[in-house]
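1. Whatever this is, show me its structure:
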Amino acid sequence: MSVTSNTIITIVLATGNRDKVKELRPLLEDISPHFRVSTLSELGVEVEIEETEDTLEGNALLKARGIFALLSDRFPYLIALADDTGLEVEALNGAPGVYSARFAPMPEGQSPSYADNVRHLLQSMAVSSNRKAVFRTVIALRGRIPSEKSETLLFEHLAEGIVSGSITTEQKGAEGFGYDPVFLVDSTARTYAEMSTAEKNSLSHRALAVQKAIADLKQTLALQNIPITHSQTQS
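-> Numbering: from 1, shown residues only. Have a look, this model is predicted:
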């Protein structure tokens, strides 16, 4: 199916986390003049997809597929983008990993706050001299776009971003969210929380994963002769 000037491909950020939306949206808005980026809340969708897989890849795909299925009938062309992120600490045998958002023990029915998780992490490492860690994000895409050879093309992509660092002994900085105040990035010798949003977006694990996902998307669009925004920094 040929693409016209009125063709719209809706990208849905499959997360209810406002902090993630704040980071992701600027990285995605300019991929193609045919793209429109929306959040679940903007679409009036309230859904919580339980992360039941034991890998970041599995959870990211679970969420992307779930949101795509939920919204498939509302949009002729749709891409659901989901991510799962884990902090993997060497001294804790890769923990908290897929449990990063719910690392701190809490009473049944309650979820830990960012502060709870950071406090539990520092307590868990109180006697450890090995502070090495990596932050890893996996982006999953599930999409349906116009196709050169048929009515539509269905596709899935996975992209990964990894940043090496270490866990500080105390919190540093006031920006960011989650474990940002205690994750010291090797390449900058500063925590994420000591960086501006723009600086973090230029080098974070999530930004690296999204950049790879953008490169995959551009290649997929190009194969279907769907215009892309060439002024955007190439990945």
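
2. alpha carbons only for contacts and neighbour counts from here, please
-> Will do.

3. Tell me the buried residues in the helix or strand of the chain with the lowest mean pLDDT?
-> One helix or strand of the chain scores below all others by mean pLDDT, DSSP states H and E: helix 18-28, with a mean of 77. Buried residues in helix 18-28, defined by neighbour count with 16 or more other C-alpha atoms under 10 Å: 23-24, 27-28.

4. Mind giving me the packing neighbours of that helix?
-> strand 35-39, helix 205-223 (3 or more C-alpha pairs under 8 Å, 6 or more residues apart in numbering; DSSP states H and E).

5. Could you single out the most deeply buried of these?
-> helix 205-223 (a mean of 20; mean count of other C-alpha atoms under 10 Å).

6. Just the residues contacting that one, thanks.
-> Identification of contacts with helix 205-223 by C-alpha atoms under 8 Å, 6 or more residues apart in numbering yields 24, 27-28, 31, 85, 135-139, 141, 157-163, 201-202, 227-228, 234-235.

7. rerun at 7 Å
-> Here helix 205-223 makes contact (C-alpha atoms under 7 Å, 6 or more residues apart in numbering) with 135-139, 159-163, 201, 228, 235.

8. and Phe103, which of the helices and strands packed on helix 18-28 is closest to it?
-> Between Phe103 and these, the shortest separation by C-alpha to C-alpha is 19.4 Å, and it involves helix 205-223.

9. The closest one vs helix 18-28, what angle?
-> When axes from the mean of the first three to the mean of the last three C-alpha atoms, to 10 degrees is applied, the directions of helix 205-223 and helix 18-28 differ by 40 degrees.

10. Now do helix 205-223, average pLDDT.
-> Averaged over helix 205-223, pLDDT sits at 92.

11. Tell me who's in contact with the residue most central in space within the chain.
-> Against the mean C-alpha coordinate of the chain, by C-alpha atoms, centre = their mean, the closest residue is Asp83 at 3.7 Å. Asp83 sits next to 60, 137-140 when contact means C-alpha under 7 Å, 6+ apart.

12. Break down the protein into its strands, ranges please.
-> With DSSP state E applied, the chain shows strands at 9-13, 35-39, 78-89, 132-146, 152-167, 183-185, 190-191, listed in chain order.

13. For the ones you listed, which has the smallest mean pLDDT value?
-> strand 35-39 (a mean of 91).

14. Contacts for it, please.
-> 8-13, 29.

15. burial of Phe103, as a residue count?
-> For Phe103, the tally of surrounding residues (other C-alpha atoms under 10 Å) stands at 20.

16. how close does it sit to Ser38?
-> Distance from Phe103 to Ser38, counting by C-alpha to C-alpha, to the nearest Å: 29 Å.

17. likewise Leu61?
-> Counting by C-alpha to C-alpha, the gap from Leu61 to Ser38 is 19 Å.

18. do the same with Gly178
-> 23 Å.

19. ok so, going back, I'd like to know which of the contacts of Asp83 is nearest to Ala95.
-> Nearest member of the contacts of Asp83 to Ala95, counting by C-alpha to C-alpha, is Thr137, at 14.4 Å.

20. distance of that closest one from Asp83?
-> 7 Å.

21. do Asn117 as well
-> Relative to Asp83, and taking C-alpha to C-alpha, Asn117 is found at 19 Å.

22. what does Thr188 give?
-> Separation of Thr188 from Asp83 (C-alpha to C-alpha): 25 Å.
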